[in-house]
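S.K.: coords please:
(chains A and B)
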Amino acid sequence: MRPSPGPALRHLPRALRGAQPASRAAPMALSTPAAQQHPQAPPRRTLTTTPAALHNPSPSSSSVNETEISHFSALASSWWDPHGPSRPLHLMNPLRHDFIQRCLTSSPIPGHTPSDGLRYLDVGCGGGIFAESAARLPSTVSVTAIDPSPTILTVARAHAKRDPALARTLTYRNETIESLPLPADPAERFDIVSVFEVVEHVDYPAAFLDRVGEFVKPGGWLVLSTIARTWVSWVTTNLVAEDLLGVVPKGTHDWYKYVNERELREYFGQKGGMWGEVKVMGVIFVPGLGWREVRGSEKVGNYFLGVQKAA
Amino acid sequence: MDLVLRGRAAYVCRSCTQRVQQQALQLRRRTFATSAAAQPDIYDVVCVGGGPAGLSLLTALRANPVTSHLRIALVEAQDLAKVRSWKLPPDRFSNRCSSLTPSSVQFLDQIGAWSHLERDRVQAYQEMQVWDGVTGARIEFDWAPGADPAAGTTIAYMNENLNLTSGLLKRLEELGGVSMFGNAKVESISYGEETEEVDLREWPVVHLAGGKQLSARLLVGADGANSPVRSFAGIEARGWDYNRHGVVATVELEGEGWGGDYTKIAYQRFLPTGPVAMLPLPGNYSTLVWSTTPGNASLLKSLSAKDFTAMVNAAFRLSPTDLEYMHKQESGQADEYSWRLEHTPFDSRAVPQTVTGVQEGTVASFPLKLRHADTYIGERVALVGDAAHTIHPLAGQGLNQGQGDVQSLAKTIEYAVSHGQDIGVAMSLEPYVSERYAANHLLLGVCDKLHKLYSVGSGPLVPLRSVGLSAVNALGPLKTFFMNQAAGNGIKVF
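M.R.: Residues are numbered from 1 along each chain as shown, chains lettered A, B, ... in the order given. Prediction:
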């Protein structure tokens, strides 16, 4: 259990505050009278790369939060049940491919031809919903899928065994992004690096994304999806989905760790031309219908974000 | 080798199949002394049943570049070579014909099959005459005077089922790439096994007579009303028998029809025993579908050509009482008909032209029933066509419903493939059920209610329903809806 941050924290400069593990902002924000008076302005989260050893008593050589791992490990057995708690993720999966296609169409990987095929790195693959589907595409050469939870990877590997077509392309590795060896030759890195529904579970998103970004080959795409930190997303993902309807397991989301699209835009913009234009797609879950793309909803709830690495 | 296959690698890639086959070889070698059990061949789609639905599905999958890399097998009990080389002289027609709606034809054209049919054996019709045999109330299904002829005035096309299956097989052969198992008997369907490398415990394995085994990512049941695939999947089909038989025959009329060769008319008269329909074929020929009691059906089949012809003419002209009497005669219907006709007033241009003969060996019958499967999908199983639903033939929708299923399932599979989904898992197949189930259920219900409404010979329903028919005739929009339904356009409304 981490020490609870005192109210004094709110007097810290904004950049430092952002460097805190996001979950600590919780009591602070809620106890601040100012925040209650301005419900439209949820606490800002600046993505910095300083994991703030000063403020964080636990050494952080990894982006991984142990509580998060044990939460998802507990869900492992139901990961592939299409009517189980992961159903919204299963339903979202086709949109991930649509979004990647949209990114690749808007700006293809330079020098890449369709016959080259694509090499994917899926970070935080979980039970392998996206990894399996990417591995099945005829245009895929390989998918490397990593997750820090060995329990979940056991489920992922057992499930992949059910489809003989996957052995050709799919490799699971029990690694964190920090422990995964980075190919020295940039050309050996990945065409597509995907980070789906992960950023909101990471303590230091900026440091995490710094490391993830290194695995994208020049001209390749980094694609991620996450949830904006707004009052709407608090109501939908925490209150309704987890507490009232129970369609998402309780404790899946820590609202204070959500990352806004603008924060990510700022983060990628500050990298000195390393990243190109940011593409986003907002999606909304309609019970009974599934996920629907809704323009502008990236500012409100779930959204995809893709960014191309400079060639 | 991966380099060669890359980009267009098969869904079940060749190297995996080879690996499994190598394992199989090793296994066979190892267990040679005790058993010769063959390992299954792995396919993405195994379709049991090579009728119109099954063949259309495979053709659609092969014709689409997104799904053309799938490994596909077809299992059919009949001799496929015979079906493909089916041929009849121009003045002979098979007695098993179906009405194809313009949307079915459009689909067949889209998958490149329509041009492979013998087109001069297909007959389009532009009008329908439907009337109540008890009260005489009538609906005329023709096009409004303002209808745009360029938009097409064809209600549907009459076509021999064999012309369709033969054309589909020719197209499928042109496309290639399907493992065809003709003359093949399905002995059993089981589940696969788990080995060190793969876990196929949820994959259906089709065992053919002779020991061949086909392992299916997706097993398609296009295997008819008594679908073994449906039984394997544990899906119930519910419904009832109508206690009616459909008597079919190819008949010759005195001419090309009242509208000549350019405006062909379909006729249907609702008798208390069931509807009798005369549907135009090319030239002077028509196909008969007469729904009646099993007793009447067996009498009709036993009659001489001359008496049978008289009964068909009587069915469109005489009163239900006359018909009932004639069904009690063992023979001599021809004389009885000519005598009774003199005393029956009718408008000869409102009924089909006189039947002059019946083609030998074409009188046959089959029991009519309504069935609807509880669902069309299971884990690694999908049902299409009659395996999913059996409908009363009065609206000519059976085959078209199957084509609608196939079009929807092919689209569902295309979406799944292009999004990396496993095409066999129920979750990938869900859109197919949600698109088709309600639409099919509605049509099954409408045809069922129509049959029941008109199967009553007397009582309070009779005057009510004639008001209904006349009212339908007077109400333009409702008639348009019925016509669109008949032409298969209306289904999309739901």
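
S.K.: switch to C-alpha atoms for all contacts and neighbour counts from now on
M.R.: Will do.

S.K.: surely residue B:212 meets residue B:181?
M.R.: No - the criterion here is Cα atoms under 8 Å, and residue B:212 misses it with residue B:181 at 9.8 Å.

S.K.: what's the pLDDT at the closest residue to residue B:97 other than its chain neighbours?
M.R.: Excluding its sequence neighbours, the residue lying closest to residue B:97 (Cα to Cα, 6 or more residues apart in numbering or on different chains) is residue B:160, at 4.1 Å. Per-residue confidence (pLDDT) for residue B:160: 97.

S.K.: go on, the one 10 residues further on?
M.R.: pLDDT recorded at residue B:170 is 97.

S.K.: backbone phi and psi for it, please?
M.R.: Phi and psi for residue B:170, reported as degrees, to the nearest 10, are phi -60, psi -40.

S.K.: residues touching it, list them.
M.R.: By Cα atoms under 8 Å, 6 or more residues apart in numbering or on different chains, the contact list for residue B:170 reads B:84, B:113, B:116.

S.K.: scan the residues you listed and report the most crowded one.
M.R.: residue B:113 (26 neighbours; other Cα atoms under 10 Å in any protein chain shown).

S.K.: and that one, what is it in contact with?
M.R.: Applying Cα under 8 Å, 6+ apart, the residues near residue B:113 are B:59, B:167-168, B:170-171.

S.K.: among the residues you listed, who's most crowded?
M.R.: residue B:168 (31 neighbours).

S.K.: that one: which element?
M.R.: Per DSSP states H and E, residue B:168 falls inside helix B:161-175.

S.K.: packing partners of the helix or strand following that helix?
M.R.: Going down the chain from helix B:161-175, the next helix or strand is strand B:178-181, by DSSP H and E. Counting contacts by 3 or more Cα pairs under 8 Å, 6 or more residues apart in numbering or on different chains; DSSP states H and E, strand B:178-181 packs against strand B:72-75.

S.K.: tell me where the stretch 51-200 of chain A has helices.
M.R.: Assigned by DSSP state H, counting those that start in this stretch, the stretch 51-200 of chain A shows helices spanning A:66-74, A:87-106, A:129-136, A:150-160.

S.K.: repeat for the stretch 101-250 of chain B
M.R.: Under the criterion DSSP H, counting those that start in this stretch, the stretch 101-250 of chain B contains helices at B:102-110, B:161-175, B:228-233.

S.K.: deepest-packed of those helices, please.
M.R.: Greatest average neighbour count among the helices of the stretch 101-250 of chain B goes to helix B:161-175 (a mean of 22), per mean count of other Cα atoms under 10 Å in any protein chain shown.

S.K.: run the chain-centre distance for it.
M.R.: Computed by Cα atoms, centre = their mean, to the nearest Å, the separation of helix B:161-175 from the middle of its chain amounts to 15 Å.

S.K.: again with stretch A:201-214
M.R.: Its chain's C-alpha centre and that of stretch A:201-214 lie 9 Å apart, by Cα atoms, centre = their mean.

S.K.: buried ones in that stretch?
M.R.: A:201-209, A:212-214 (16 or more other Cα atoms under 10 Å in any protein chain shown).

S.K.: and what of stretch A:180-192?
M.R.: By 16+ other Cα under 10 Å, the buried positions in stretch A:180-192 come out as A:189-192.

S.K.: so which of the residues you listed are also by chain B?
M.R.: The overlap between the buried residues of stretch A:180-192 and the neighbours of chain B (Cα under 8 Å from any Cα of the partner chain) is empty.

S.K.: which of those lies closest to residue A:95?
M.R.: residue A:192 (15.4 Å; Cα to Cα).

S.K.: filter the buried residues of stretch A:201-214 down to the ones in helices?
M.R.: A:205-209, A:212-214 (DSSP state H).

S.K.: would CSV of the buried residues of stretch A:201-214 with distance to residue A:135 and pLDDT be doable?
M.R.: CSV is the format used below for the buried residues of stretch A:201-214 (distance: Cα to Cα, whole Å; pLDDT from 0 to 100):
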residue, distance to residue A:135, pLDDT
A:201, 25, 83
A:202, 25, 84
A:203, 29, 82
A:204, 29, 84
A:205, 27, 84
A:206, 28, 88
A:207, 28, 90
A:208, 24, 92
A:209, 23, 93
A:212, 20, 95
A:213, 21, 95
A:214, 22, 96
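
S.K.: out of these, which is nearest to chain B?
M.R.: Comparing those against chain B with Cα to the nearest Cα places residue A:212 closest, at 23.8 Å.

S.K.: thinking that closest one is in contact with residue A:177, fair?
M.R.: Yes - using Cα under 8 Å, residue A:212 makes contact with residue A:177 at a distance of 6.5 Å.

S.K.: check the separation of the first and last residues in stretch A:260-277.
M.R.: Stretch A:260-277 has an end-to-end distance of 17 Å (Cα to Cα, to the nearest Å).

S.K.: give me the buried positions along the helix or strand containing residue B:428.
M.R.: Per DSSP H and E: residue B:428 is located in helix B:426-454. Residues B:426-429, B:431-433, B:435-437, B:439-440, B:443-444, B:447-448, B:450-451, B:453-454 are the ones in helix B:426-454 that count as buried (16+ other Cα under 10 Å).

S.K.: tell me what it is packed against?
M.R.: strand B:274-280, strand B:364-373, strand B:377-378, helix B:398-418, helix B:461-474.

S.K.: out of the ones you listed, deepest packed?
M.R.: Ranked by mean neighbour count, these are led by strand B:274-280 with a mean of 26 (mean count of other Cα under 10 Å).

S.K.: can I see the domain layout of chain B?
M.R.: Split into domains by automatic domain parsing, chain B comes to B:2-39, B:42-90+B:163-238+B:371-455, B:97-162+B:240-366.

S.K.: mean pLDDT lowest where, among those?
M.R.: For the domains of chain B, the weakest mean pLDDT is recorded on domain B:2-39, namely a mean of 44.

S.K.: what segments of the stretch 101-250 of chain A are strands?
M.R.: With DSSP state E, counting those that start in this stretch as the criterion, the stretch 101-250 of chain A has strands at A:118-123, A:140-146, A:170-173, A:190-196, A:216-227.

S.K.: what pairs with the last one, and is each one parallel or antiparallel?
M.R.: Strand pairing for strand A:216-227, using DSSP bridges, gives strand A:190-196 (parallel), strand A:302-309 (antiparallel).

S.K.: can I get the domains of chain B in a markdown table with distance to residue A:149?
M.R.: Formatted as a markdown table, these follow (distance: least, Cα to Cα, whole Å):
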| stretch | distance to residue A:149 |
| --- | --- |
| domain B:2-39 | 28 |
| domain B:42-90+B:163-238+B:371-455 | 23 |
| domain B:97-162+B:240-366 | 47 |
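
S.K.: could you give the mean pLDDT of stretch A:260-267?
M.R.: Averaging pLDDT along stretch A:260-267 gives 86.

S.K.: so which residue is smack in the middle of the chain?
M.R.: No chain was given, so I picked chain A. Nearest residue to the geometric centre of chain A (Cα atoms, centre = their mean): residue A:198, 2.8 Å.

S.K.: wrong one, chain B
M.R.: Chain B has residue B:399 as the residue nearest its centroid, 2.5 Å off, counting by Cα atoms, centre = their mean.

S.K.: now do the contacts for that residue.
M.R.: Taking Cα under 8 Å, 6+ apart as the contact definition, residue B:399 lies against B:52-53, B:98-100, B:385.

S.K.: of all the helices of the stretch 101-250 of chain B, which one comes closest to residue B:338?
M.R.: Using Cα to Cα, these put helix B:161-175 closest to residue B:338, at 34.5 Å.

S.K.: relative to helix B:398-418, how tilted is the closest one?
M.R.: Helix B:161-175 and helix B:398-418 are oriented at 20 degrees to each other (axes from the mean of the first three to the mean of the last three Cα atoms, to 10 degrees).

S.K.: can you give the contact residues for stretch B:120-130?
M.R.: Applying Cα under 8 Å, 6+ apart, the external contacts of stretch B:120-130 come out as B:90, B:138-143, B:153-160, B:263-270, B:280-282, B:350.

S.K.: cutoff 6 Å now
M.R.: Applying Cα atoms under 6 Å, 6 or more residues apart in numbering or on different chains, the contact partners of stretch B:120-130 are B:138-142, B:153-159, B:263-269, B:281-282.
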